[in-house]
Every structure is written in C-alpha cells, then in structure tokens.
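>>> Provide a 3D model corresponding to the input given below.
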Amino acid sequence: QVHLVESGGGLVQPGGSLRLSCTASGRTFSSAIMAWFRQAPGKERGFVAAITWSAGNTMYADSVKGRFTISRDNAKNTVYLQMNSLKPEDTAVYYCAADVKQSRFFFIAPGQYDSWGQGTQVTVSS
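Numbers count the residues shown, from 1 in each chain. As a prediction, this is how the structure comes out:
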C-alpha cells in the first residue's frame with residue numbers, strides 16, 4: 001500500500017496561484033500513474049490531471065488545460081500540481097491518487113486508483 005499525503009491548499013483570490021504537493025511513502029514502486037482529482041460540495045469526484053511516474057507523460061482535464069501543470073520529483077517521491085489563473089469554480093477538496101497496477105494508460109475513473117491521500121481544501125474567492 002502506498003501512503004499519500006497532500007499539502008499546499010488554502011484560500012486564494014480569483015486569478016491567483018497555488019501549488020499542491022503529494023508525497024508518497026510506504027511501498028516502493030518504479031512505475032505508476034499519479035493523479036490529482038477534486039471534489040466540490042454536492043458533486044462527484046472528478047479527474048484533474050495525471051502523470052506517469054517514470055517518463056513524466058501527462059494528461060489534463062479540459063477544464064484545467066493551460067492553467068494547471070502536473071509534475072513530479074522522483075528523488076523526493078513527490079508529485080506537484082501548479083495551479084494558475086484560479087477561478088471560483090476550481091474550489092474543491094483536491095486529492096492525490098496512485099495507480100500502481102499499470103503505467104501504460106491514463107484512466108479518469110477514480111475506481112482505477114489504489115491509494116488516496118486525505119485531501120486538501122482549495123478555496124478560490126474574493
């Protein structure tokens with residue numbers, strides 16, 4: 001089991017930026033898909049972005065493309081989500097997730113992911 005811990009959430013004004021971090025520990029893995037999801041009150045958990053642990057290939061939801069950037073630092077076992085030009089509709093709890101079963105395909109369904117962090121709140125408001 002991979003243990004994931006997110007940090008970096010907070011309150012930011014529209015147009016502002018935040019960087020989320022997700023640090024992995026526990027089971028070691030050389031290949032995986034690491035992803036960010038978010039869940040707003042009353043809504044289902046939705047895919048935001050994903051990255052392959054080894055090669056660094058990325059995929060984004062259309063709603064964040066061009067504004068968010070996912071990256072990873074293998075030496076620190078950490079995945080980042082840089083969020084720029086934030087909008088009120090980005091307000092949600094953001095979760096880090098890991099799919100250690102495979103690393104060939106990106107999946108947007110939460111059920112594909114084995115491990116989850118506890119979530120970090122991001123609020124975009126003036």
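>>> Surely Gly10 and Tyr94 touch.
No: at 11.0 Å, Gly10 does not count as touching Tyr94 under the criterion of CB atoms under 8 Å. Placement of C-beta: from N, CA and C, glycine included.
>>> Mutual contacts of these two, please.
Contact criterion CB atoms under 8 Å, 6 or more residues apart in numbering; residues shared by Gly10 and Tyr94: Gln121, Val122.
>>> Checking Ala55 next. Helix, strand or coil?
Assigned by DSSP: H, G, I helix; E, B strand; the rest coil, the conformation of Ala55 is coil.
>>> and if you look at Gly111?
Using three-state DSSP, the structure places Gly111 in helix.
>>> Now do the contacts for it.
Gly111 makes contact with no residue under the criterion CB under 8 Å, 6+ apart.
>>> what's the answer for Gln112, then?
Residues near Gln112 by CB under 8 Å, 6+ apart: Asp99.
>>> pLDDT at it, what is it?
Reported pLDDT at Gln112 in the predicted model: 93.
>>> Skip the chain neighbours and tell me the closest residue to the residue most central in space within the chain.
Centroid-nearest residue in the chain, with CA atoms, centre = their mean: Trp36, separated by 2.0 Å. Sequence neighbours aside, Val48 is the residue nearest to Trp36 in space, at 4.3 Å (criterion: CB to CB, 6 or more residues apart in numbering).
>>> Likewise for Thr58?
Closest to Thr58 by CB to CB, 6+ apart is Ile51, at 5.0 Å.
>>> Give me the mean pLDDT for the stretch of helix or strand the residue nearest to Trp36 belongs to.
Using DSSP states H and E, Val48 sits in strand 46-52. Strand 46-52 shows an average pLDDT of 97 in the prediction.
>>> Adjacent strands (with direction) for it?
Here strand 46-52 is paired, per DSSP bridges, with strand 33-39 (antiparallel), strand 58-60 (antiparallel).
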